[in-house]
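In: Compute the structure for the input listed below.
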Amino acid sequence: MCGIAGFTRFHHKPGDTKTLESMGDAIRHRGPDAGGIYLDERIGLSHRRLSIIDLSESGNQPMLSHDQHYVIAFNGEIYNFLELRGELEKQGYPFQTHTDTEVILALYEKMGTDCLKQLNGMFAFAIWDKSARSLFIARDRIGKKPLYYYQANNDIVFASELKAILTLDTLPREIRLDALYDFFAYQYVPDPKTIFKDIFKLEPGHFLTIDADGINKQQYWDISFKHQSQQSEEELKHGLQKKINDCTVARMISDVPLGAFLSGGVDSSGIVATMAKNSDTPVTTCSIGFDTSKFNETEFAQLVAERYHTEHHELMVHQNVKDTLEHIVSYFDEPFADPSLVPTFFVSQLARQKVTVAIAGDGGDEVFAGYQKYNTDHLENKIRNIFPAFMRKTVFPPLAKLATKINCRTCRKAATLLNTLSKDPGMGFYLSNAQITDTAWNNMATPQTRAALADYHPSSFTTDFYQNSDAPDHLGRILYTDMKTYLPGGILVKVDRMSMASSLEVRAPLLDYTLIEFAATIPSHYKFRDGEKKYILKEAFKDDLPDDILYRKKMGFDVPLAHWLRTELKELAQRVIFNSEGGLSDFFDMQYIKSLWDKHQAGGNDNSIVIWSILIFQMWWNTYMAPGSSGKASSSA
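Out: Numbering: from 1, shown residues only. Prediction:
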């Protein structure tokens, strides 16, 4: 696991050796073990290394191929590299190291961009072909590893994190307003956008080729639900069990200490059980808990730890969030407001004290329908199908407006439901899960902000993927949508930044692309059955986990956000939101924000989600945009 950065110099020279060193320094936390650069007249590459496989200096990067024709800067892990290496050795490739990095180089030399079809892993890498004077940049299928790029005059500046690109002072930092709206709707900025104009994210399953003639982007992988399996439930269960076991074992290869996150939920518990069955020594497990019992899962984590005799460690998050929040948020170089970033930071910090690699249960909810929202959306869609479209579109909206005017909680819920039901399924899915309503946005945004976005609505990001899915039913379409949006834009960004903040590598067996392809063939009624979420996954883990784990109510990785904003975080939030110069006040009506704050503090309204997003945006602005800001993650809490 590492960090990469670099630039092309076909038409102008964005930097030199010092620039590459500065870019590497900006992401040093991603790779504290070693750093290196490569520079010639057409390309500059920078690399920071977190040593996992082949700890010797021969594994340092940028790495040159045996014939010196290719140079690579690579971030990630290739889980099938030993198998690929064996095949390449039979064909006579003279390996100089024992790294997966050199396997990518060898495959590229043999197959060009088609090498991506052979790689199973999480990765973002750049390969420079000296002879062809072309750069090849690729990102893994699911989006585990990030890749940002700035494009100008057929040249490119790229990096694992935005902060490395922002070390180039000549790059403009102009806010992209539609991305700002997206942030408040989703709590993250969806790819390929970033919060800045002219800087983009490379989407999962895509690659770039860059030469003197221009930049070309192509998609090399997508998720298809088209072919639904005809196997029996028992056959699907056994196939899934084998997939999970194989994908977990592949992620247990490491030359450094390895452990697991254990939340006490189905996914992480099942992965720990699988690890334990395939390990000769006790698995190291780490858990985070909260003082508030509603959000505390440590007792369930302990059940699994005791059952599998793990070497278990846990940390209770007490009253130290206010002292570390600004430090934590500084690792996100564009606004990101999923509240579970807080426990993810702490569990990563705890894990790094014991191991260098942690295996996690990420992906189970998106791949196998584990969120409560799938249940909610299922019920909404059943009701939607009862009423004719003309009735939903003409009668429900005025009824929703009428319900809104009545000041009671039940009426507000009814208004939300009626409004959602009046829309098509894709739009309904967006409305059910958006983090801010259209009304709240329009009240909060200044007239200038609203006018600039008059023709834009963030729902298109959801509805486009919903419509583009080849799934045969509604659940398949929304699973596809979440795997293309929320998973890479929210979950995986959070895990990457918070684990890398502690120089910890996190691997996720349930996000192996072969497992996702297999799961996509499983009919929806095996994933969501009679209100039971993740039905087939629970069946796969049934012999390994107690019913108290499998069938308890899902808690997620939530935090007591509403309570924090009224108590521990109140003073900090009030100072950041209302005493900062620039940021919020450039785009929003501060009087309206003050009214949201006052109503929340009075206890009558829970405005915690919107206020949290407001707080996070201003914290980000103070770090990356305010005059005199460093634009770097702080080095200490």
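In: Can you show me the strands along the stretch 1-150 of the chain?
Out: 2-8, 34-39, 43-49, 63-64, 70-78, 121-129, 134-139, 148-152 (DSSP state E, counting those that start in this stretch).
In: Distance-wise, check the most centrally placed residue in the chain relative to Phe346.
Out: The chain has Leu492 as the residue nearest its centroid, 2.0 Å off, counting by Cα atoms, centre = their mean. Leu492 is 19 Å from Phe346, where distance means Cβ to Cβ, to the nearest Å. C-betas here are computed from N, CA, C, even on glycine.
In: repeat for Lys90
Out: Distance from Lys90 to Phe346, by Cβ to Cβ: 47 Å.
In: got it, and Gln118?
Out: 37 Å.
In: related to what we said a few turns ago, ok, the residue nearest to the centre of the chain - contacts?
Out: 142-144, 362 (Cβ atoms under 8 Å, 6 or more residues apart in numbering).
In: Adding neighbour count and pLDDT as columns, could you present those in CSV?
Out: As requested, these are exported to CSV (neighbours: other Cβ atoms under 10 Å; pLDDT from 0 to 100):
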residue, neighbour count, pLDDT
Ile142, 25, 97
Gly143, 27, 97
Lys144, 26, 97
Asp362, 25, 95
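In: And Gln118 and Phe346? Which one has more around it.
Out: Counted by other Cβ atoms under 10 Å, Gln118 and Phe346 do not tie: Phe346 has more neighbours, with 22 against 17.
In: In three-state terms, label the nearest residue to that one once chain neighbours are set aside for me.
Out: Nearest residue to Phe346, sequence neighbours excluded (Cβ to Cβ, 6 or more residues apart in numbering): Ile288, at 5.3 Å. At Ile288 the chain is in strand, as set by DSSP: H, G, I helix; E, B strand; the rest coil.
In: hang on, Ile288 packs against Val347?
Out: Yes - between Ile288 and Val347 there is a contact at 4.4 Å, judged by Cβ atoms under 8 Å.
In: shared neighbours of those two, anything?
Out: Leu315.
In: show me where pLDDT drops low in the stretch 451-600 of the chain?
Out: In the predicted model of the stretch 451-600 of the chain, residues 554-558 satisfy pLDDT under 70.
In: again, only using 80
Out: Residues of the stretch 451-600 of the chain meeting the criterion pLDDT under 80: 553-559.
In: Strands along that one, start to end?
Out: Using DSSP E, counting those that start in this stretch, strands in the stretch 451-600 of the chain cover 505-507.
In: quick one: the helices in it?
Out: Ranges of helices within the stretch 451-600 of the chain are 459-468, 474-484, 486, 492-500, 513-520, 535-541, 547-550, 561-566, 570-578, 584-587, 590-602, based on DSSP state H, counting those that start in this stretch.
In: So for Gly265, which of those sits nearest?
Out: helix 547-550 (7.6 Å; Cβ to Cβ).
In: Now the helix or strand of the chain with the lowest mean pLDDT - C-alpha only, PDB.
Out: Ranking every helix and strand in the chain by mean pLDDT, DSSP states H and E puts helix 409-421 at the bottom, with a mean of 80. C-alpha atoms of helix 409-421 as PDB (Å, rounded to 0.1, in the frame of the first residue of the first chain):
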ATOM      1  CA  ARG A 409     -43.800  14.400  12.700                       C
ATOM      2  CA  THR A 410     -46.300  11.900  11.200                       C
ATOM      3  CA  CYS A 411     -47.400  14.400   8.700                       C
ATOM      4  CA  ARG A 412     -43.900  15.200   7.700                       C
ATOM      5  CA  LYS A 413     -43.200  11.600   7.100                       C
ATOM      6  CA  ALA A 414     -46.300  11.200   5.100                       C
ATOM      7  CA  ALA A 415     -45.300  14.200   3.000                       C
ATOM      8  CA  THR A 416     -41.900  12.600   2.300                       C
ATOM      9  CA  LEU A 417     -43.500   9.300   1.400                       C
ATOM     10  CA  LEU A 418     -46.100  10.900  -0.900                       C
ATOM     11  CA  ASN A 419     -43.400  12.900  -2.700                       C
ATOM     12  CA  THR A 420     -41.200   9.900  -3.100                       C
ATOM     13  CA  LEU A 421     -44.000   7.700  -4.500                       C
END
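In: coming back round to it: rebuild the helices of the stretch 451-600 of the chain as TSV, extending it with distance to Leu166.
Out: Formatted as TSV, those follow (distance: least, Cβ to Cβ, whole Å):
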stretch	distance to Leu166
helix 459-468	24
helix 474-484	27
helix 486	26
helix 492-500	15
helix 513-520	31
helix 535-541	40
helix 547-550	43
helix 561-566	29
helix 570-578	21
helix 584-587	19
helix 590-602	27
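In: I'd say Asp54 and Asp255 touch.
Out: Yes - the criterion here is Cβ under 8 Å, and Asp54 meets it with Asp255 at 6.8 Å.
In: how does this protein divide up, domain by domain?
Out: 2-219, 233-369+496-550, 372-481, 561-624 (automatic domain parsing).
In: any idea which of those scores lowest on pLDDT?
Out: When those are ranked by mean pLDDT, domain 372-481 comes last with a mean of 89.
In: Distance across that one, terminal residue to terminal residue?
Out: 16 Å (Cα to Cα, to the nearest Å).
In: ok, now stretch 130-139?
Out: Stretch 130-139 has an end-to-end distance of 21 Å (Cα to Cα).
In: for stretch 307-321, same thing?
Out: 32 Å.
In: Tell me, how many residues neighbour the closest residue to Asp548 other than its chain neighbours?
Out: Closest residue to Asp548 apart from its sequence neighbours, by Cβ to Cβ, 6+ apart: Leu303 at 6.4 Å. Other residues within reach of Leu303, judged by other Cβ under 10 Å, total 16.
In: can you pull the contacts of Leu303?
Out: By Cβ under 8 Å, 6+ apart, the contact set of Leu303 is 264, 546, 548-549.
In: after the one helix or strand it maps to comes which helix or strand?
Out: Per DSSP states H and E, Leu303 falls inside helix 298-307. Once the chain leaves helix 298-307, the next helix or strand it forms, by DSSP H and E, is strand 311-317.
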